[in-house]
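Participant: Got a predicted structure plus its sequence, pasted below:
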2 protein chains.
Amino acid sequence: MGRPRSYNRAEIVEKAVILFRQNGYKAVSIGNIVEATGMNTASMYKEFGDKNGLFVEALNLYRGYLESTRAQLLIDQPNISGIEQFLKSVVEEASGDAYHGCLIMNHLTQKNLISHEAEEIIGAFCEGLEALLESALKNARAQGEIPAEKDPASLAKFFACLVHGFILYGRHENKKNGFSAVYETAMEVLH
Amino acid sequence: MGRPRSYNRAEIVEKAVILFRQNGYKAVSIGNIVEATGMNTASMYKEFGDKNGLFVEALNLYRGYLESTRAQLLIDQPNISGIEQFLKSVVEEASGDAYHGCLIMNHLTQKNLISHEAEEIIGAFCEGLEALLESALKNARAQGEIPAEKDPASLAKFFACLVHGFILYGRHENKKNGFSAVYETAMEVLH
DNA sequence: ACCATTTTAGAATAATCGTTTTATAAAGGT
DNA sequence: ACCTTTATAAAACGATTATTCTAAAATGGT
């Protein structure tokens, strides 16, 4: 009963992901989102509480997407092949023309401007990613894919740093040439 | 002649560097800077034109500082030792507790929010850095410090990406353990 | 047809933004 | 002492911010 809502909740959050990813939390106003979605301001606040509430939902939607696609590569193949596919996927996206980085990692540069809740989502996601990498590397070493003297934890942190690098470096223009050569170079640490 | 100014221009720009580095262009208001420096709003606009004018000055001051210290390491020693010192310097700073990244590279995540002029300073700085790395690597190869089959351009881009990664990853807390092991791991690509 | 319920459209609020203006204060030159 | 010059303090500007409020509209149940 009651007047039926004229908006689609999922669409709102998807649009929020796009906007927050492009411009960052601080630079996206509720007005921007209302304009982009056609949703009403009052409904917006009833549905998400406040701007941070919508941002947290956007972070979680984006996280879920990354986990079910990219991170899944590391779970399906917890070995060197999985790591290769994972990194290639990151590099490929970051090579795109209108690349806007990663909604989650972008906000590492704006930690002062977001809620504690949002900060924790970011921290947990990145720790989880590093744990997946380490797990795949441990398994790879157990299977003899990499030398026994290699340290999975250090390698995992190395690849995690590199992913952060791809995401930030990907914001440059004129990066296409030789961006995938960076991937090839990085993989040499496994020899 | 005329009333003497009560502010120190250089101090204003230094303060602007700190604030813009911590929170980013969009999130720092002229009011914040006026408050932090004690400078007058009118004098601020007479001196720098507008907010972007101050930001550009801040970028250039920060760039000059990086060039005369960190980048100079690559010029003084255009070889593997120079690269080692350069990267160690980046890692050491990024390991710090209240690390706020790099004023210049931070704003790669906020390209939509800054002027074309600022964007170009950022692009030019990062290209210059990569060129210095490549130059050092070419020289290192000529001197037999790295194998002849290595590609200086690819390696330079690899290290540039890694630096972007250190700067972004450095925003995490709980990173101290094993952050320098990432550096050791990365250097293995030169073997 | 009316009522309760929920959403809508859109105005209203108070704060803050970048920027400009107005009036005063402090100096040197004559 | 007065004039010119420049910087100051502080108010004023219009735009935008996040958020809330008011009133009308659209549904299902009775």
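Facilitator: Here it is on my side, so go on. Residues are numbered from 1 along each chain as shown, chains lettered A, B, ... in the order given.
Participant: Next, count neighbours for the residue of chain A found nearest DNA strand C.
Facilitator: Nearest to DNA strand C in chain A, going by C-beta to the nearest atom of the strand, is A:Gly2, at a distance of 2.1 Å. Backbone N, C-alpha and C define where each C-beta goes, glycine included. When neighbours are counted by other C-beta atoms under 10 Å in any protein chain shown, A:Gly2 registers 4.
Participant: got it, and A:Ser6?
Facilitator: 9.
Participant: Report the separation between it and A:Tyr45.
Facilitator: Distance of A:Ser6 to A:Tyr45, computed by C-beta to C-beta, to the nearest Å: 16 Å.
Participant: nearest residue to the residue most central in space within chain A other than its sequence neighbours?
Facilitator: Per C-alpha atoms, centre = their mean, the C-alpha nearest to the average position across chain A is that of A:Cys102, at 4.4 Å. In space, A:Cys102 comes closest to A:Ile167 once its chain neighbours are excluded; the distance is 4.9 Å by C-beta to C-beta, 6 or more residues apart in numbering or on different chains.
Participant: which helices and strands does the strand or helix carrying the one you found pack with?
Facilitator: Element membership for A:Ile167 (DSSP states H and E) is helix A:152-169. Packing partners of helix A:152-169 (3 or more C-beta pairs under 8 Å, 6 or more residues apart in numbering or on different chains; DSSP states H and E): helix A:80-94, helix A:103-106, helix A:116-142, helix A:179-187, helix B:152-169, helix B:179-187.
Participant: swap the cut-off to 7 Å and go again
Facilitator: helix A:80-94, helix A:116-142, helix B:152-169, helix B:179-187 (3 or more C-beta pairs under 7 Å, 6 or more residues apart in numbering or on different chains; DSSP states H and E).
Participant: any idea how far the residue in chain A positioned nearest to DNA strand D lies from chain B?
Facilitator: Residue nearest to DNA strand D within chain A: A:Ser29 (2.9 Å; C-beta to the nearest atom of the strand). Distance, A:Ser29 to chain B, using C-beta to the nearest C-beta, to the nearest Å: 11 Å.
Participant: again, but for A:Glu188
Facilitator: From A:Glu188 over to chain B (counting by C-beta to the nearest C-beta), the distance is 5 Å.
Participant: OK, contacts around that residue?
Facilitator: A:Glu188 makes contact with B:Val189, according to C-beta atoms under 7 Å, 6 or more residues apart in numbering or on different chains.
Participant: Also A:Leu190?
Facilitator: A:80, A:146.
Participant: Now for A:Tyr99: which residues touch it?
Facilitator: A:93, A:170-171.
Participant: For chain A, what lies in contact range of DNA strand D?
Facilitator: Within chain A, the positions adjacent to DNA strand D are A:1-4, A:28-32, A:41-42, A:45, A:50-52 by C-beta under 7 Å from any atom of the strand.
Participant: Now, those residues that are in helices?
Facilitator: Assigned to helices by DSSP state H, the following of the residues of chain A next to DNA strand D qualify: A:30-32, A:41-42, A:45, A:51-52.
Participant: Dump these to a markdown table, plus pLDDT, neighbour count and distance to B:Glu67.
Facilitator: Shown next, in a markdown table, are these (pLDDT from 0 to 100; neighbours: other C-beta atoms under 10 Å in any protein chain shown; distance: C-beta to C-beta, whole Å):
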| residue | pLDDT | neighbour count | distance to B:Glu67 |
| --- | --- | --- | --- |
| A:Ile30 | 98 | 16 | 41 |
| A:Gly31 | 97 | 9 | 41 |
| A:Asn32 | 98 | 15 | 37 |
| A:Thr41 | 97 | 11 | 48 |
| A:Ala42 | 96 | 9 | 52 |
| A:Tyr45 | 98 | 14 | 48 |
| A:Lys51 | 98 | 19 | 39 |
| A:Asn52 | 98 | 15 | 39 |
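Participant: domain parsing for chain A?
Facilitator: Domain ranges of chain A: A:7-68, A:78-191, per automatic domain parsing.
Participant: Could you find the closest non-adjacent residue to the residue of chain A found nearest chain B?
Facilitator: At 2.8 Å from chain B, A:Gly165 is the closest residue in chain A, using C-beta to the nearest C-beta. Excluding the flanking residues, the one nearest A:Gly165 by C-beta to C-beta, 6+ apart is B:Gly165, at 2.8 Å.
Participant: do the same with A:Ile30
Facilitator: The spatially closest residue to A:Ile30, leaving aside those adjacent along the chain, is A:Lys51, at 5.7 Å (C-beta to C-beta, 6+ apart).
Participant: same check, this time on A:Met187
Facilitator: A:Met187 sits nearest to A:Glu84 (C-beta to C-beta, 6+ apart), 7.1 Å away.
Participant: what does A:Leu108 give?
Facilitator: B:Arg171 (4.0 Å).
Participant: just to revisit the earlier point, so how far is A:Tyr65 from the residue nearest to A:Ile30?
Facilitator: As for A:Lys51, its distance to A:Tyr65 is 21 Å (criterion: C-beta to C-beta).
Participant: do the same with A:Gln72
Facilitator: 11 Å.
Participant: what's the answer for A:Gln77, then?
Facilitator: Distance of A:Gln77 to A:Tyr65, given as C-beta to C-beta: 19 Å.
Participant: who's more crowded, those two?
Facilitator: Using other C-beta under 10 Å as the criterion, A:Gln77 and A:Tyr65 rank with A:Gln77 on top: 17 against 14.
Participant: And the pLDDT for the more buried one?
Facilitator: Looking at A:Gln77, its pLDDT is 98.
Participant: For A:Ala71, see how far away it is.
Facilitator: 12 Å.
Participant: Mutual contacts of the two, please.
Facilitator: Where contact means C-beta under 7 Å, 6+ apart, no residue is in contact with each of A:Gln77 and A:Ala71.
Participant: For chain A, which residues are neighbours of chain B?
Facilitator: Residues of chain A lying near chain B by C-beta under 7 Å from any C-beta of the partner chain: A:22-24, A:26-27, A:101, A:105-106, A:108-113, A:123, A:126, A:153-155, A:157-158, A:160-162, A:164-166, A:168-169, A:171-172, A:178, A:181-182, A:185-186, A:188-189.
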